[in-house]
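Novice: just need the structure, nothing else, for what follows:
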Amino acid sequence: MRRSILAAAFAALSLAACSPQTLTLSVDMRHPSKSGIDLARKTMSIVYMDGGTADSTFSNAVASSLARSLEKDYFRGEENIGVYKIPSDSVDLDLMHRLVIDTGDDVVFLLGEPSFGEVSMGPNVAVRDPKNVDSAFVAQAQIPYNARLYVYDSMAKGDVLNTFRGSSILRTQVYNNGVTAKEFLTEKAREAKDGGADMVGAQMSNRFVPTWKTENYSLYYYDDFNGQWVNAAYLAYEFHWKKAADIWMALSGTGNYTKRACACYNTALAFYMMGDLNIATKWLDRADGYESLSLSPGLRKRIEERK
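Specialist: Residues are numbered from 1 along each chain as shown. Got it, this is the predicted structure:
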């Protein structure tokens, strides 16, 4: 959730004090990624397959880059995603189940062994003011890369193994003396490919970072001149949902049934915004027990969708 924008000012103060009034907020809400997998509030691990070749260094770098990119979006940059390796193996649900148990995390990303295409070398170009004879020329190299990433979410409905495939072009520069054999330049390009691993990991993360949608949410308040209803509404506008909820919970035991229902509904909205959907449901049930409010069905639908 991002900072809200006041979409509708407080309703006219001339309305009867006993009538609930509404305030509408326009809020940018986090939604599942393009992959359809909701990673919010879940722990994660990234595992890569090690086939016992030099390419395992590249895989480690890709996995580490993917972890950093996901940490930036889901953990505010804090290091919370572990990176592990396993021997190459066939991938199925049994393997993913074991990895969930071994890592102790909700979601496991498994990076398959990398697959590289033929190296494409560009022409040698003279370097201006080279440092030595072995760097007098430079050739641009391109290496096709195919990736396969498996994702298992143990918290999702159903026991599903998600498979994602992608490709990229690794680009690197090969410095040489101008007479080095092409086969040697090609080998140097392969050795330098690890420098593109960060880019590959960041590209992979694009499919799993959250998307954002602007949504309107409404809450109830009363202009009863005691300040509590209005103060709580302003706190909600400033995203101080916990402080607002404390006021609404206190108000839920006072006044007539309509006021109690409004206070319970607002409390449900606050817990929804704070990500505690079960508590939000309980407060919404309590609100409906006092009175059927017009805003209640819409909030209940949103809670169920996020569950």
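
Novice: show me what the longest helix belonging to the chain is packed against.
Specialist: When the chain is parsed with DSSP state H, its longest helix is helix 55-74. The contact analysis (3 or more Cβ pairs under 8 Å, 6 or more residues apart in numbering; DSSP states H and E) places helix 55-74 against strand 44-50, strand 82-87, strand 107-111, helix 197-205. Bear in mind the C-beta positions are built from the backbone N, C-alpha and C, glycine included.

Novice: following the chain onward from the helix or strand of the chain with the lowest mean pLDDT, which element is next?
Specialist: Within the chain, no helix or strand scores below strand 5-6, which has a mean of 41 by mean pLDDT, DSSP states H and E. Remark: after strand 5-6, the chain's next helix or strand is strand 21-31, criterion DSSP states H and E.

Novice: can you classify the residue sitting furthest away from the middle of the chain as helix, strand or coil?
Specialist: Going by Cα atoms, centre = their mean, the residue of the chain most distant from its centre is residue 179, 49.2 Å out. Three-state call for residue 179 (DSSP: H, G, I helix; E, B strand; the rest coil): coil.

Novice: from the chain's centroid, how far away is stretch 20-30?
Specialist: Offset of stretch 20-30 from its chain centre (Cα atoms, centre = their mean, to the nearest Å): 23 Å.

Novice: same question, stretch 113-121
Specialist: 30 Å.

Novice: for residue 89, what are phi and psi?
Specialist: phi -160, psi 170 (degrees, to the nearest 10).

Novice: now it, nearest residue through space, not along the chain?
Specialist: Sequence neighbours aside, residue 95 is the residue nearest to residue 89 in space, at 6.3 Å (criterion: Cβ to Cβ, 6 or more residues apart in numbering).

Novice: so what's the backbone phi/psi at the one you found?
Specialist: phi -60, psi -40.

Novice: now for it, how many residues are close by?
Specialist: 18 (other Cβ atoms under 10 Å).

Novice: any low-confidence regions in this structure?
Specialist: 1-18, 54, 224-226 (pLDDT under 70).

Novice: what residues go with each domain of it?
Specialist: Per automatic domain parsing, the domain ranges recorded for the chain read 5-32+211-306, 44-205.

Novice: okay, these in JSON lines with distance to residue 38 next?
Specialist: What follows is these, written out as JSON lines (distance: least, Cβ to Cβ, whole Å):
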{"stretch": "domain 5-32+211-306", "distance to residue 38": "4"}
{"stretch": "domain 44-205", "distance to residue 38": "8"}
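
Novice: what are the contacting residues of the longest helix of the chain?
Specialist: 39-40, 44, 46-50, 77-83, 85, 109, 111, 113-114, 116, 147, 193-194, 197-202, 204-205, 208-210 (Cβ atoms under 8 Å, 6 or more residues apart in numbering).

Novice: now list the buried members of these.
Specialist: The neighbour-count criterion (16 or more other Cβ atoms under 10 Å) marks 39, 44, 46-50, 81, 83, 109, 111, 113-114, 147, 193-194, 197-198, 200-201, 204-205, 208-209 among these as buried.

Novice: so which helix or strand takes in residue 232?
Specialist: Going by DSSP H and E, residue 232 is part of helix 228-237.

Novice: any idea of the angle that helix forms with strand 21-31?
Specialist: 20 degrees (axes from the mean of the first three to the mean of the last three Cα atoms, to 10 degrees).

Novice: number of residues surrounding residue 176?
Specialist: There are 19 residues near residue 176, going by other Cβ under 10 Å.

Novice: that one is in contact with residue 132, isn't it?
Specialist: No - the pair residue 176 / residue 132 is not scored as a contact, 11.2 Å apart, by Cβ atoms under 8 Å.

Novice: distance of the residue farthest from the centre of the chain relative to residue 129?
Specialist: 20 Å (Cβ to Cβ, to the nearest Å).

Novice: so which bits of stretch 268-287 are buried?
Specialist: So, applying 16+ other Cβ under 10 Å, buried residues of stretch 268-287: 268-273, 277, 279-281, 283-284, 286-287.

Novice: tell me which two of the residues you listed sit farthest apart.
Specialist: 273 and 286 (17.5 Å; Cβ to Cβ).
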